Every structure is written in C-alpha cells, then in structure tokens.
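Asker: the following block contains a protein sequence and its predicted model.
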Amino acid sequence: MLFARLILPLAALNFTNQAARAAMGLLAPLIALEFGLSASELGLLAATFFAGYALAQLPVGLALDLFGVRRVQAALALVAALGFALAAVATDPLLLAVGRGITGIGVSAGLIAMIKAAAQWFPPGRIAAVSGAGVFLGAFGGLFATLPAQAVLPFIGWRGVFWVLCGIALCVSVWIALAIPAAPARRKRSIVQELSAFARVFVHPAFLRYAPAICVLSGFGFTYQGLWAGPWLRDAAGLGDEDRALMLLC
C-alpha cells in the first residue's frame, strides 16, 4: 500500500518532531532545577529549538525540490538524532541549547515533506486527505511526550527521554531510506530559478494576506505547549508531576 510505504515513515519523523516540541513542557522544570536556570534562561533555551526549526524552513524546502524527500528526510532524521544525543549528554546549558537547535533543524521538514510526497505520488483529489492523515499520526508524538514520558521519567530521567527520542530518530532514518521510493523524474531547474521562486511567494497577495495570522497561530502553539504550559501548571496551578503530564496530554 502506497500510504504505508510513503506516508507512514514520514509521519514517524513528524511524530519525532511533535515529541521534541512537547517534551520541554514536561522536562523544562527538571532541566531548570539541574542547571539552575531562571525563567528567561529557560525561555532562551527553548528558543534555540524553534530558531533552528524556523531558519531551516527555506533551505529544506529548496532541498526537497532538488534532492527529493527520501534523501533529505533520511539525512535530517540523523541530524535530529545528533541533536537529541547532544541534549542527553549536555553538562551545561550551552551544550543543551546547541543540541536543541540541531534537533530543530533535524525535524524542520516534518510537515512539508509529507505534503511534498503526497503531491508527487497521489492524485490531486487525495493530497489533502493523505497529508491530513499523516499529520494526525504524527501528532501522537505530542501525546507521547506527556503521560507516557512521565511514566518512564522516574526510571530514566530527562536525559533518558532524549536518548529514547534519539533512538526513534535513528530508526526512522533507516525506515525512510529503505521504504520511500526515489522521487519521480522532474524537469531540472538551476539553483537561481529555484531561489527566485521564493521571491514570487513572498510578494503573492495570498501569502501576504494569510501568513501573518498563520505565524501568530503557530507561534502560540509552539510556545504555549512547548514551554509555558509546563512551568505554569507547576508554579501557578500547583500541580504535581503526574497531574501536570495529564493536563499536557489533554
């Protein structure tokens, strides 16, 4: 089945993407305690992930067009694994921030790669349904980073959670490399032609109309569950670890 061969491995990397975002909502209080981080320092640490994620969007979009989904996502999954590993062995906030930034780069094409693959391999009338199904499956990564992660946290610690995510990213890289077919043949365009497409996008009336609202919505979604919710539920709502994980799950 084409969906299982093509979309499932890409959804697995998006699973890793969502888990990487949501994990800090659970792990941030423990990390702040171990490294003695203030609220602003913790926010800066979280920002490195989103900075890597954001800065990689245009390059990975270009890479997907030039090299295809299989090669780009298999490589980026290895980058994500490296980021998780650095976070797991971090002995200071700087190395942890570097690891989180690298992780952000590694998971940066989680959504767009699924849309790209769906557009290449499925008829136009099924692209939205196929992409939506992939996003639905990938969203379970956010659930994984709540109660399931809290259940194993006393046994493996916050570093162990990053090691688990590292292992998942490595497995996903192999899965993508073995399962996804080579990209369909396409008309070759120069790098200048590829880059010029960005200019047309940025000045398009539809982009200018909808992009600001999407940016605000995405920003709130990323920062609320990926950073603010966890510490707020502990410090302001006074919830314990398990209750906090349950609220993040909801």
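Answerer: Arrived safely. This is a predicted model, so every value here is computed, not measured.

Asker: mind checking what helix or strand follows the longest helix anywhere in the chain in sequence?
Answerer: In the chain, assigned by DSSP state H, the helix with the most residues is helix 147-179. Moving toward the C-terminus from helix 147-179, the next helix or strand (DSSP states H and E) is helix 191-202.

Asker: and that following helix, what's its mean pLDDT?
Answerer: Averaging pLDDT along helix 191-202 gives 82.

Asker: and the longest helix of the chain, what's buried?
Answerer: Within helix 147-179, the residues that count as buried by 16 or more other CB atoms under 10 Å are 147-150, 153, 158-159, 161-166, 168-170, 172-173, 175-177, 179. All C-beta atoms are positioned from the backbone trio N, CA, C, and that covers glycine.

Asker: helices and strands around that helix, which ones?
Answerer: Secondary-structure packing of helix 147-179 (3 or more CB pairs under 8 Å, 6 or more residues apart in numbering; DSSP states H and E): helix 8-35, helix 69-89, helix 241-249.

Asker: any idea of the angle the helix or strand that the second one is followed by forms with helix 8-35?
Answerer: Counting by DSSP H and E, the element after helix 69-89 in chain order, helix or strand, is helix 93-106. Compare the direction of helix 93-106 with that of helix 8-35 by axes from the mean of the first three to the mean of the last three CA atoms, to 10 degrees and you get 170 degrees.

Asker: sorry, back to before: quick one: closest of the helices and strands packed on helix 147-179 to Phe140.
Answerer: With CB to CB as the criterion, Phe140 lies closest to helix 8-35 of the helices and strands packed on helix 147-179, at 6.0 Å.

Asker: what residues does whichever helix or strand comes after that closest one touch?
Answerer: Sequence-wise, the next helix or strand downstream of helix 8-35 (DSSP H and E) is helix 39-55. Residues from elsewhere that reach helix 39-55 (CB atoms under 8 Å, 6 or more residues apart in numbering): 20-21, 24, 28, 31-32, 37, 93, 96-98, 100-105, 107-108, 222-223, 226-227, 231.

Asker: stretch 153-167 too?
Answerer: So stretch 153-167 is in contact with 16, 19-20, 23, 26-27, 30-31, 34, 81, 84-85, 87-89, 99, 145, 149, 152, 241, going by CB under 8 Å, 6+ apart.

Asker: how far does that stretch sit from its chain's centre?
Answerer: Here stretch 153-167 is found 17 Å from its chain centre; the criterion is CA atoms, centre = their mean, to the nearest Å.

Asker: distance check, Thr223 against Ser108.
Answerer: Thr223 sits 17 Å away from Ser108, going by CB to CB, to the nearest Å.

Asker: one more: Leu95?
Answerer: Using CB to CB, Leu95 is found at 21 Å from Ser108.

Asker: and the two? Which one has more around it.
Answerer: Under the criterion of other CB atoms under 10 Å, the comparison of Leu95 against Ser108 puts Ser108 first, with 24 against 13.
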